[in-house]
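Enquirer: My questions are about this predicted structure, shown below with the sequence.
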Amino acid sequence: EPEVTQTPSHQVTQMGQEVILRCVPISNHLYFYWYRQILGQKVEFLVSFYNNEISEKSEIFDDQFSVERPDGSNFTLKIRSTKLEDSAMYFCASRSGGISYEQYFGPGTRLTVT
Amino acid sequence: DAKTTQPTSMDCAEGRAANLPCNHSTISGNEYVYWYRQIHSQGPQYIIHGLKNNETNEMASLIITEDRKSSTLILPHATLRDTAVYYCIVSYQTGANNLFFGTGTRLTVIP
């Protein structure tokens, strides 16, 4: 069964550094998402992406964040200058579009900012 | 923000049906009810969704009240692997259909 993959599984970085989290959505899916979950808290929507542009973004997704689909298969989340409060699990998701609305989530990348 | 209310936690005996309630009294006519679950710290997993009719798939059944203000997710024969946090989410089935999670119900299946 096709699945969303994410790399790395765990990323440790120092405050102020740039990080790129990578996702490979399910092939032929058209909508892509990033969510995050701070330890012990609820899953929060960050951004949705469709047709090579951002569809919607939350208040969390400020100028420090950007997304890109560089090559038709990868979907990346970049944090330009990480802060301690960016430490969280980041989940990528995709859905096929059309009449199908279920989102398929990846296993997540645990980002630790020290 | 999440527009649903769910109990914080529930227990269910292995092999018995798990009935997880959700209150969504402010749901609008075009909003669907979605259920996802999150096992430990894994990515959320889609379970089922519906608008007003009851739905069933290989994982679960979804019962939506006639006034659509509440619903119940039923896992017919709970197993230990069903221990997870279950999220009830209401969302319009348009556009990107972003999901706004609440705190969900932590279901513990007891041997």
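Expert: Structure received.

Enquirer: So which residues on chain A come close to chain B?
Expert: Proximity of chain A to chain B, by CB under 8 Å from any CB of the partner chain, involves residues A:4, A:31, A:33, A:35, A:37, A:42-45, A:48, A:50, A:55-56, A:89, A:91, A:93, A:95, A:101-108. Where you see a C-beta, it was placed from the backbone N, CA and C, and this is true even at glycine.

Enquirer: So in terms of bridging, what pairs with the residue nearest to B:Ile89 when sequence neighbours are not counted?
Expert: The shortest distance from B:Ile89 to any non-neighbouring residue, by CB to CB, 6 or more residues apart in numbering or on different chains, is to B:Tyr34 (4.5 Å). Beta-bridge pairing of B:Tyr34 under DSSP bridges involves B:His49, B:Ile89.

Enquirer: Enumerate every residue touching B:Tyr34.
Expert: Residues in contact with B:Tyr34 (CB atoms under 8 Å, 6 or more residues apart in numbering or on different chains) are A:Tyr101, A:Glu102, B:Tyr46, B:Ile48, B:His49, B:Cys88, B:Ile89, B:Val90, B:Ser91, B:Leu99.

Enquirer: Return the closest of the residues you listed with respect to A:Phe75.
Expert: Checking the contacts of B:Tyr34 against A:Phe75 by CB to CB gives B:Leu99 as the nearest, at 16.7 Å.

Enquirer: The closest one and A:Tyr101 touch, don't they?
Expert: No - taking contacts as CB atoms under 8 Å, B:Leu99 lies outside contact range of A:Tyr101: 9.8 Å.

Enquirer: Who has more neighbours out of these two?
Expert: Each of B:Leu99 and A:Tyr101 has its neighbours counted (other CB atoms under 10 Å in any protein chain shown); B:Leu99 has more, 24 against 20.

Enquirer: sec struct for B:Gly15, please.
Expert: Put simply, B:Gly15 is coil when judged by DSSP: H, G, I helix; E, B strand; the rest coil.

Enquirer: if we can go back for a sec, now do the shared contacts for B:Leu99 and A:Tyr101.
Expert: By CB under 8 Å, 6+ apart, B:Leu99 and A:Tyr101 have these common neighbours: B:Tyr34, B:Ser91.

Enquirer: which residues of the chain score low on pLDDT?
Expert: Just going to use chain A. Residues of chain A meeting the criterion pLDDT under 70: none.

Enquirer: switch to chain B, that's the one I care about
Expert: Along chain B, the parts satisfying pLDDT under 70 run over B:1-2.

Enquirer: Just to confirm, which residue in chain A is farthest away from the center?
Expert: Distance from the centre of chain A peaks at A:Ile99, with 23.2 Å (CA atoms, centre = their mean).

Enquirer: Can you give me every residue that contacts that one?
Expert: Counted by CB under 8 Å, 6+ apart, A:Ile99 has zero contacts.

Enquirer: Would you mind stating the distance between it and B:Gln93?
Expert: 9 Å (CB to CB, to the nearest Å).

Enquirer: residue in chain B nearest to chain A?
Expert: As assessed by CB to the nearest CB, chain A sits closest to B:Gly43 within chain B, at 3.1 Å.

Enquirer: What about that residue, how many residues nearby?
Expert: B:Gly43, neighbours per other CB under 10 Å, totals 23.

Enquirer: Now the phi/psi pair for it, please.
Expert: Per-residue torsions, B:Gly43: phi -70, psi 150 (degrees, to the nearest 10).

Enquirer: residues touching it, list them.
Expert: Taking CB under 8 Å, 6+ apart, we find B:Gly43 in contact with A:Val4, A:Phe91, A:Ala93, A:Phe105, A:Gly106, A:Pro107, A:Gly108.
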